[in-house]
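>>> sequence unavailable; structure follows:
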């Protein structure tokens with residue numbers, strides 16, 4: 001079972017590194033304290049590669065690539081869900 005296949009949202013591409021299009025976006029609550037500029041910068045290259053993989057496979061999102069990667073390794077990913085009110 002793959003817990004947190006998107007690293008608490010870090011691999012979705014929504015929270016960008018400083019200087020990126022999504023640089024001003026940061027999560028609220030407890031995750032806001034752990035999504036530092038350094039952490040977002042550290043995964044920026046990975047998220048970029050995930051965007052390239054997604055583009056090569058029918059314009060998939062980084063989140064879809066992350067879940068598919070987990071499934072290809074034989075796990076059952078359990079992504080979080082939220083209601084978009």
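Yes, it's here. Keep in mind that what you see is a predicted model, and the values were worked out from it rather than measured. Numbers count the residues shown, from 1 in each chain.
>>> from here on, contacts and neighbour counts on C-alpha atoms
Will do.
>>> name the residues of stretch 1-18 that are buried.
Going by neighbour count (16 or more other CA atoms under 10 Å), the buried part of stretch 1-18 is 5, 6, 9, 10, 11, 12, 13, 14, 15, 16, 17, 18.
>>> neighbours around residue 34, how many?
For residue 34, the number of neighbouring residues by other CA atoms under 10 Å comes to 12.
>>> what helix or strand is residue 25 on?
Secondary-structure element containing residue 25, defined by DSSP states H and E: none, the residue being outside all helices and strands.
>>> which stretches of this structure have low pLDDT?
Counting by pLDDT under 70, the chain contains low-confidence ranges at 19-24, 81-85.
>>> show me what contacts residue 43?
10, 11 (CA atoms under 8 Å, 6 or more residues apart in numbering).
>>> that older thread, just send the buried residues of stretch 1-18 back as JSON lines, with distance to residue 62 too.
Written out in JSON lines, the entries for the buried residues of stretch 1-18 read as follows (distance: CA to CA, whole Å):
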{"residue": "5", "distance to residue 62": "11"}
{"residue": "6", "distance to residue 62": "9"}
{"residue": "9", "distance to residue 62": "10"}
{"residue": "10", "distance to residue 62": "10"}
{"residue": "11", "distance to residue 62": "6"}
{"residue": "12", "distance to residue 62": "5"}
{"residue": "13", "distance to residue 62": "6"}
{"residue": "14", "distance to residue 62": "9"}
{"residue": "15", "distance to residue 62": "12"}
{"residue": "16", "distance to residue 62": "12"}
{"residue": "17", "distance to residue 62": "15"}
{"residue": "18", "distance to residue 62": "18"}
